[in-house]
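Q: Provided below are the primary sequence and the corresponding predicted coordinates.
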Amino acid sequence: MQDFEKRNDGETGLVVHVHVPKTAGSTVNRYLEAALGPGADHVQRFLDGDRFGNDLVPAAWIAGHVPLPVMQCAVQARGLVARYLTALREPAAHVASHYNWLIEIGRRDPAFFAGHPEHIREIHRRIAAADNTSPRAIIANLEENARLFLNCQAHYAIGPDYANPAISYAARLDAYDVVVDSADPAAALGPILGPAALGSGVVNRSTAHFDRSVFETGTLREFLADRNRHDNALWAIAVARFRRRERIALRAAG
């Protein structure tokens, strides 16, 4: 992984995936495992214990639903050398996918559903019972669970202080060695991990449990433009970086 070595004098160190929910993160993890070997997922379970600094150190990579500054503090406190990556998604599609996932969790194996906290199971029950053909019903659910659904990408990829106007999203993104477009994770990771690592394809794809075109209605678009505006701002910066990376790759190929 040359991109992860370039600022570390040849020492690869730990690869850290700040896993924003519903951004092809399971696929990214599969690629990392294929290229680097065993890693550890869902490390949010271990942040407050010794396991993060002991049992996880042999792992080539770690991933978790942990905001960037929190992950950085945990890694640095244990004296680990690390390289960071994250994946981002078009904001309206991300909210729709996250909303769909909260329905999905109750449609899988009962043991899978039981493994979620009770407050998440209760959100599932309310959302699954709602009229999800109605933009107003969906908006009501998004508002009621705003901390879960709205500006979720900024919360993880930038940090819990994402709403502070003094925070530079561009500067925070500079902490990552790679920012992946979830629509095509192979495009960003292929040149780094090698084509053999990408053979597993996409994993953990959810079944659609409602017509997501409802998120294209003017009512929901207007709502998300306001209430999900931090994710919209983050996405605009990320897209500019994706396009710049594409131009560089095209020049190199030519």
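A: Right, received. Where do you want to start?

Q: Skip the chain neighbours and tell me the closest residue to residue 198.
A: Once flanking residues are discounted, residue 198 sits nearest to residue 186: 4.8 Å by Cβ to Cβ, 6 or more residues apart in numbering. Quick note: C-beta positions are derived from backbone N, CA and C, even for glycine.

Q: any idea how far residue 52 is from the residue nearest to residue 39 when sequence neighbours are not counted?
A: Nearest non-adjacent residue to residue 39, counting by Cβ to Cβ, 6+ apart: residue 61, 3.8 Å away. With the distance defined as Cβ to Cβ, to the nearest Å, residue 61 ends up 14 Å from residue 52.

Q: The two: which has the busier surroundings?
A: residue 61 (26 against 22; other Cβ atoms under 10 Å).

Q: wouldn't that one be in contact with residue 16 here?
A: Yes - checked against Cβ atoms under 8 Å, the pair residue 61 and residue 16 is within contact range at 7.3 Å.

Q: how much space is there between residue 212 and residue 192?
A: In terms of Cβ to Cβ, residue 212 sits 31 Å off from residue 192.

Q: centre of the chain versus stretch 161-178, how much separation?
A: Averaging C-alpha positions (Cα atoms, centre = their mean, to the nearest Å) puts stretch 161-178 15 Å from its chain's average.

Q: my bad, stretch 121-131
A: 23 Å.

Q: For it, buried residues please.
A: Going by neighbour count (16 or more other Cβ atoms under 10 Å), the buried part of stretch 121-131 is 123, 124, 127, 128, 130.

Q: same deal with stretch 30-48?
A: For stretch 30-48, a neighbour-count test (16+ other Cβ under 10 Å) marks 30, 31, 32, 33, 35, 36, 39, 40, 41, 43, 44, 46 as buried.

Q: Go through these and name the one nearest residue 135.
A: Lowest distance from residue 135 to the buried residues of stretch 30-48 (Cβ to Cβ) belongs to residue 44, with 32.5 Å.

Q: What separation is there between the closest one and residue 142?
A: For residue 44, the distance to residue 142 - Cβ to Cβ - is 23 Å.

Q: Show me what the helix or strand residue 123 falls within is packed up against.
A: Counting by DSSP states H and E, the element that carries residue 123 is helix 118-129. Contact here means 3 or more Cβ pairs under 8 Å, 6 or more residues apart in numbering; DSSP states H and E; on that basis helix 118-129 packs against helix 91-104, helix 110-114, helix 135-144.

Q: any idea which of those helices is most buried?
A: Among the helices and strands packed on helix 118-129, helix 91-104 has the highest mean neighbour count (mean count of other Cβ atoms under 10 Å), at a mean of 21.

Q: Run the chain-centre distance for that helix.
A: Chain-centre distance of helix 91-104: 12 Å, with Cα atoms, centre = their mean.

Q: now the angle between helix 118-129 and that helix, please.
A: 100 degrees (axes from the mean of the first three to the mean of the last three Cα atoms, to 10 degrees).

Q: Return the list of helices and strands in contact with helix 91-104.
A: By 3+ Cβ pairs under 8 Å, 6+ apart, helix 91-104 packs against helix 118-129, helix 135-144, helix 146-149, helix 152-157, helix 218-227, helix 229-253.

Q: would you list those helices in TSV and tack on mean pLDDT?
A: What follows is the helices and strands packed on helix 91-104, written out as TSV (pLDDT from 0 to 100):
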stretch	mean pLDDT
helix 118-129	97
helix 135-144	98
helix 146-149	96
helix 152-157	98
helix 218-227	98
helix 229-253	89
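
Q: looking at the ones you listed, which is buried most?
A: Across those, averaging neighbours per residue (mean count of other Cβ under 10 Å) puts helix 152-157 on top, at a mean of 26.

Q: can I have that helix written out in PDB, keeping just the CAs?
A: The C-alpha trace of helix 152-157 is given here as PDB (Å, rounded to 0.1, in the frame of the first residue of the first chain):
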ATOM      1  CA  CYS A 152     -24.300  11.600  10.000                       C
ATOM      2  CA  GLN A 153     -21.400  11.700   7.500                       C
ATOM      3  CA  ALA A 154     -20.100  15.000   8.900                       C
ATOM      4  CA  HIS A 155     -20.400  13.600  12.500                       C
ATOM      5  CA  TYR A 156     -18.100  10.700  11.700                       C
ATOM      6  CA  ALA A 157     -15.800  11.900   9.000                       C
END
